[in-house]
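Asks: no letters, just coordinates:
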């Protein structure tokens, strides 16, 4: 019912945008608050529809998936959570989807963060992943199947130092258990003892630092999930193979959910994002029409 | 308790959104609260993670104390000499160490990752062959050519020792177009990211707060 109402309202909103376009051509500019209302509606109505879009999976996401598929059960994956709650709408769905995949595949997860709130985001993602009946049935144990080492300050210096010894940067995990007493970390000294690295990043320190101070110095394989703002800067690293795969923004998250066959939030959010983008594009057209029509009037009025 | 925190978060979200209509006391209150809470949060994080967890637990209470941390602590304390005008110059020593170490670390990292690897990839893989068949992969080869032209014309644009005229000027113009496309793509991604933030908040309001979304 709610979904049908939302669809009808979306159609009305679409028609009213055409009306605004005509009014703009007639010389009546749109007030900025009207733009805010339309953007708000473009986000709210698709969320109420609770529908997903057909989505082709891009090469970068397939590359990332292929890398994950190569990992054998029991492989140790270092998972760096370098983001905070504001970036969660884009990165949290990626993290949840990855953790579900990893736990189902019996990968061993070592969590850390160069952002203070990163490991807390990881904890939330783990709690969400644990709700999956298959994962819940595995009775995973913290310290044996996964460990959260928490946050360490020092940005790129932390990565540099981890190249020698993880323990030096993370003497205890987030439960204050000493590094040496954690079964999962018994034979993990540095990067050479982990099979793979994945980084969820919203800025600095993040994927750039991991590539420059981790991948290029210590030679491990890494993939990353980035916010859309940051993603364009990562494509050069992807092309050279410094990154083995990349998830960019909410689209990347939705593609990742699709390739893993996990129905997560990103797939639902994508429709809202598409509507919002369409609205922005329409208002860019309206804005340009307003500009050119006002310029034409000025030129016509000039003696 | 969770319900209370959700209500507080919802009211603060709406308070910040109210600025879209116009500046108002609720927005100002939310903004001030955000600044205050952020400052307190970071103060606690820096104290707990650096002074307590890293230094105190690492150098004082640890079974095998790391005495190098004392050097860092002393250098950190030297920063405070800025508060005493007569010996304020001492604070330049730790600053010099930070600048030197950071510059040294980044110089190598940047040069290898952002210069050598990128240049190498741009010039070495111009013609791409299909791994399975061995034939030229035209689509990917076209892509590498576009990158090569973009890099060269972009570099020409930033070469200001010669006047941008003739063939040189035309190449610089091509570089300008590449830069504009890059900025456009980057801006598009930024809009996408900001929309995601809005979607996240709306999802919170409709889902966690109002329970409209399943």
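Replies: Yes, it's here. Source: prediction; values computed, not measured.
Asks: which stretches of chain B have low pLDDT?
Replies: Scanning chain B for pLDDT under 70 picks out B:214.
Asks: ok and the residue in it nearest chain A?
Replies: The minimum distance from chain B to chain A, using C-beta to the nearest C-beta, falls at residue B:200 (3.0 Å). C-beta coordinates here come from the backbone N, C-alpha and C atoms, glycine included.
Asks: what strand or helix carries the nearest residue to that residue once chain neighbours are set aside?
Replies: Spatial nearest neighbour of residue B:200, chain neighbours left out: residue A:89 (3.0 Å); criterion: C-beta to C-beta, 6 or more residues apart in numbering or on different chains. Assigned by DSSP states H and E, residue A:89 belongs to helix A:88-104.
Asks: residue contacts, the residue positioned nearest the centre of chain B?
Replies: By C-alpha atoms, centre = their mean, the mean C-alpha position of chain B lies nearest to residue B:190, the distance being 13.0 Å. Residues in contact with residue B:190 (C-beta atoms under 8 Å, 6 or more residues apart in numbering or on different chains) are A:228-229.
Asks: surely the residue of chain B closest to chain A meets residue A:88?
Replies: Yes: with contacts counted by C-beta atoms under 8 Å, residue B:200 reaches residue A:88, the gap being 6.3 Å.
Asks: helix or strand next in line after the helix holding residue A:89, which one?
Replies: Note on helix A:88-104: by DSSP H and E, the next helix or strand toward the C-terminus is strand A:108-113.
Asks: would that next one count as contacting chain B?
Replies: No: Strand A:108-113 lies out of reach of chain B by C-beta under 8 Å from any C-beta of the partner chain, never closer than 10.9 Å.
Asks: how many residues are close by residue 120?
Replies: If you meant another chain, say so; for now it's chain A. Using other C-beta atoms under 10 Å in any protein chain shown, the number of residues around residue A:120 comes to 18.
Asks: not quite, go with chain B.
Replies: Applying other C-beta under 10 Å, we find 11 residues neighbouring residue B:120.
Asks: can you map out the strands along the stretch 201-303 of chain A?
Replies: Counting by DSSP state E, counting those that start in this stretch, one finds strands in the stretch 201-303 of chain A at the ranges A:222-226, A:246-248.
Asks: what lies in contact with the longest one?
Replies: The set of residues external to strand A:222-226 that reach it, using C-beta under 8 Å, 6+ apart, is A:64, A:67-68, A:91, A:94-95, A:98, A:196-202, A:206-207, A:210-211, A:214-215, A:234, A:243-249, A:252-253, A:256.
Asks: swap the cut-off to 7 Å and go again
Replies: Residues from elsewhere that reach strand A:222-226 (C-beta atoms under 7 Å, 6 or more residues apart in numbering or on different chains): A:64, A:67, A:91, A:94, A:197-201, A:207, A:210, A:214-215, A:234, A:243-248, A:252.
Asks: again, but for stretch A:40-51
Replies: With C-beta under 7 Å, 6+ apart as the criterion, stretch A:40-51 contacts A:2-3, A:6-7, A:9-10, A:13, A:268, A:271-272, A:275-276, A:279, B:198-199, B:202-203, B:206, B:213-214.
Asks: make a PyMOL selection of the buried ones in those residues.
Replies: Buried members of the contacts of stretch A:40-51, defined by 16 or more other C-beta atoms under 10 Å in any protein chain shown, are picked up in PyMOL with:
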select buried, (chain A and resi 6+10+13+268+271+272+275+276+279) or (chain B and resi 198+199+202+203+206+213)
